[in-house]
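Student: Structure, please.
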Amino acid sequence: MACLMSCLDEDDIKEIRNSLGSPEAQTEPGYLRDVLNKIIVQMTRGTDMAPLFMDMVKVCATTDIVQKKLVYLYMSNYAATKPDLAVLTVNTLCKDCQDSNPMIRGLALKTLCSLRLSGLVEYIEKPLLTGLKDYSAYVRRAAVLGCVKIHQMNPQFIANHGLIDQIYDMLRDSDVIVVTNCLGALEELLADKGGVVINQRLAHFLVSRLTNLTEWGQCFVLQTLLKYTPDNEDEVFDIMNVIDLYVKHTNSGVSMAAITLMIHLTQDMSSIGQDVYRRIKGPLLILLSSEHPELVYSSLCHIQWVKRKMPKLFSKYYKKFYCRSKDPTYVKYKKIELLGEMIKEDTLPEIVEELSVCCTDISSQLAQQAIQTLCIIAKKGATYATPCIAALLGLLNLQLDYVSSEVLVAFQDLLSYESNKEYIPHVLSQLGACETIVQSSRGKAALIWLLGHYGESLPDAPYILENMIDVIEEETSAQVKLHLLTATTKLFFTRPAECQDMMGKLLEFAIESDTNVEVRERAQFYYRMLNTDVNKAKEVVCASQTPDVSDDCMTETNKLDNLANFNSLSILFGPLKWSQIQLKQTDTKSRDQIPSPTHSSVLATPTREDHSATPSAKLMEGQLVDIDESKDAEPMPELQLVGDILVTPEEYESTWTMLSVYDTIELPLLEPLKPKQIHSLLENTGCKVMATTPEELEPWRAFVYAKDTTDTLYLVEVVLQSQTDILTFTLKVKGQTSSDRGGMFARQLQKAFS
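Tutor: All right, here's what the predicted structure looks like:
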């Protein structure tokens, strides 16, 4: 039958309609079931089956319970799109609510409440109130959940009929699922008042019913009991004696809910609280051996939370956190992070050896994580630094690009500490071999920084930098060029004879040929300082750089230390990602409350960009001096882009070939973006998309153009590296570039994606 296709035309709908009205549908229950099942299949695939609504209304009077369930499912889905026709089903539903079969009564009541049409509330009133008192537990379950659905349509209905008190009374129902549904319903109905109120009598009743509840019900009740605070220690111990049975429950959800409740009950009892942490250690470690990586990751996150309360609790079980070959990458990340946190002097050699193995993993990101962890361990003190730095030096001998790059970044940090100065000669001796190995921008920048800072002690340092300067035209990274400028200038002050020629060549290229604004400004700044006062220039450029030691990581980690985050999604996402999710939710709510932005408002400066104008932010971005340009400065003008513009592919290609690159911007994304999202953001800024590569192609590219009111044409090649979440813009400008309109356009692109 054609209805199994993903997209149906009018003939297919007509064929299904004929099947519903055929004689076989009236006489053969199996035939009608097959037709109804095919309709539901198409509905779940997203095919619009609403044209069959009237035909389904005729079928809803069937006596076959399977057919009735399928029809009612259809009605619940399409009632909102056909409200006038949905009224025709009310009589049948109300009649079924009085059927002798409790399954039909419950199904009809559930469907009647699921229609979600405010005009039908008067028809729902009698069946709903009757269902709350029905002798069948199935009907009572449906009625309690129906109260929540009616509350969403008409909040006054619940108050007018005093259903809150009635649902509270139903908490003592003989059916445990009714009890669970009542708790959930009260949480929804009383959400603006803080949810259901748990007093001592109700708390003891719920604790006594735990053994009879389903596993889902046990999870929900244990979480609800977090609202209750016992009056004395004896009551705490009585509840904990019951809860203790569920700490080692086979269902991880029940076990975690019980652990959370035990921590809650003892959070004001320091001595007992320590015993509770020791008690829950076993269940958390058991989850590490699960075959489900999701459970393993959740357990690792909760172990990390508990470890911050008792740092030494898991130290002797460090081998359980070794990476296994079958572990997915995200589990390995968390294990490596935990190994770095729980290391002690007696476990130092074994953990460093394990991390060294992870440093050579086939996944470059995992290897970088392991190298960064070794760097963090080395900062703990001289005892920890020796084996870690020895391991990092050994990794340089492997001559792997992604490994050597991250090791150089680690040494850039470690050698800044006074206690690690003795290792500088060992590192410098291996820098020469890294020149041809390291290809990533991050690794090159670290290598150049080390050569500039410690090159006075390395005979070959100027010649390594000279080799890089000889091929600087091929370098695309602005970060590498900036580091090369600074490193060469530093080395020039200590070894002028060897660096003078290459210094002049570098400054000449950066000032006259480079298209990056920041590189040009840095080169001009150095050139002017050198022309003005060489000694002052040396003081500025060669100023001692102390390591930026801060507790930001620890502060971020401790943001989720309160019990409210335990056994929740926030502890899985981590503090940084969770704050981004909350910010996104807040932004979504704000957008829902205000009109859509106009074209001019899209180009307005975002609020978060205001921070980049502060002097401290400028220094973070690589400025050498703190110049406050905000005083008595006029606001930076915004480009007004023309919306009605058309450039043919032939014109685009010929213009692109003719123009030179004005600027290249590398923008790290705060969160992954899909090509469709990038396409939408570009159009919001007033740009037009000429063409794109297929979304599945890596890297993804888009060719964009725009024109402003001065008839200046902007051509942009957008490149998305989805593996590294880096967005690159290559900008070419045709027109009034003398007024730096290209720079203004580049800034607007950055604002749109920041």
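
Student: Give me the local confidence score for the most centrally placed residue in the chain.
Tutor: Against the mean C-alpha coordinate of the chain, by Cα atoms, centre = their mean, the closest residue is residue 577 at 5.0 Å. Note on residue 577: pLDDT of 80.

Student: Secondary structure element for it, which one?
Tutor: Taking DSSP states H and E as the criterion, residue 577 maps to helix 575-593.

Student: how close does residue 355 get to residue 310?
Tutor: Counting by Cβ to Cβ, to the nearest Å, the gap from residue 355 to residue 310 is 23 Å. Backbone N, C-alpha and C define where each C-beta goes, glycine included.

Student: same question but for residue 105, I mixed them up
Tutor: Residue 105 sits 54 Å away from residue 310, going by Cβ to Cβ.

Student: neighbour count winner among those two?
Tutor: Here residue 105 and residue 310 are compared on neighbour count by other Cβ atoms under 10 Å; more neighbours surround residue 105, at 23 against 14.

Student: Look at the more buried one and tell me its secondary structure.
Tutor: Classification of residue 105 using DSSP: H, G, I helix; E, B strand; the rest coil returns helix.

Student: In this structure it contacts residue 93, no?
Tutor: No. Contact criterion Cβ atoms under 8 Å: residue 105 and residue 93 do not qualify, at 10.5 Å.

Student: Let me see the contact set for residue 715.
Tutor: 652, 655, 656, 659, 703, 704, 705, 731, 732, 733, 734 (Cβ atoms under 8 Å, 6 or more residues apart in numbering).

Student: same check, this time on residue 431
Tutor: 447, 450, 451, 458, 461, 464.

Student: Doesn't the last one lie inside a strand?
Tutor: No. Assignment of residue 464 by three-state DSSP gives helix, placing it outside any strand.

Student: So for it, what's the pLDDT?
Tutor: Per-residue pLDDT puts residue 464 at 88.

Student: can you pull the contacts of it?
Tutor: Counted by Cβ under 8 Å, 6+ apart, residue 464 has contacts 431, 432, 435, 451.

Student: Over to the first one?
Tutor: Under the criterion of Cβ under 8 Å, 6+ apart, the neighbours of residue 447 are 408, 431, 434, 435, 438.

Student: what does the third one give?
Tutor: For residue 451, the contacting residues are 431, 458, 461, 464, 465, 487, 491, taking Cβ under 8 Å, 6+ apart as the criterion.

Student: Can you tell me the closest non-neighbouring residue to it?
Tutor: Spatial nearest neighbour of residue 451, excluding adjacent residues (Cβ to Cβ, 6 or more residues apart in numbering): residue 461 at 4.8 Å.

Student: My read is that the one you found contacts residue 455, right?
Tutor: Yes. Between residue 461 and residue 455 a contact is recorded at 3.2 Å, counting by Cβ under 8 Å.

Student: joint contacts of the two?
Tutor: Residues touching both residue 461 and residue 455 comprise 491, 495, with contact defined as Cβ under 8 Å, 6+ apart.

Student: So, low pLDDT: which residues of the stretch 1-150 of the chain?
Tutor: Within the stretch 1-150 of the chain, the segments meeting pLDDT under 70 span 1-8.

Student: again, only using 50
Tutor: Residues of the stretch 1-150 of the chain meeting the criterion pLDDT under 50: 1-6.

Student: What's the local residue count around residue 410?
Tutor: When neighbours are counted by other Cβ under 10 Å, residue 410 registers 23.

Student: helices or strands up against the helix or strand hosting it?
Tutor: Per DSSP H and E: residue 410 is located in helix 401-414. Applying 3 or more Cβ pairs under 8 Å, 6 or more residues apart in numbering; DSSP states H and E, one finds that helix 401-414 contacts helix 364-378, helix 382-396, helix 431-437, helix 441-454.

Student: Are any of the contacts of residue 447 buried, and if so which?
Tutor: Neighbour counting with 16 or more other Cβ atoms under 10 Å marks 408, 431, 434, 435, 438 as buried within the contacts of residue 447.

Student: Confidence-wise, which of the residues you listed comes last?
Tutor: Sorting these by confidence puts residue 435 at the bottom, with a pLDDT of 83.

Student: tell me the contacts of that one?
Tutor: 447, 464, 467, 468.

Student: May I see the buried residues of stretch 83-97?
Tutor: Of the residues in stretch 83-97, those with enough neighbours to count as buried (16+ other Cβ under 10 Å) are 85, 86, 87, 89, 90, 92, 93, 94, 96, 97.

Student: got the contact list for that stretch?
Tutor: 53-54, 57, 60-61, 68, 72, 75, 78-79, 104-105, 107-109, 111-112, 115, 117, 119-120, 123, 126-127, 130-131.

Student: end-to-end on that stretch?
Tutor: End-to-end distance for stretch 83-97, by Cα to Cα, to the nearest Å: 21 Å.

Student: can you pull out the helices in the stretch 251-400 of the chain?
Tutor: Counting by DSSP state H, counting those that start in this stretch, the stretch 251-400 of the chain has helices at residues 252-265, 270-287, 293-309, 329-342, 348-358, 364-378, 382-396.
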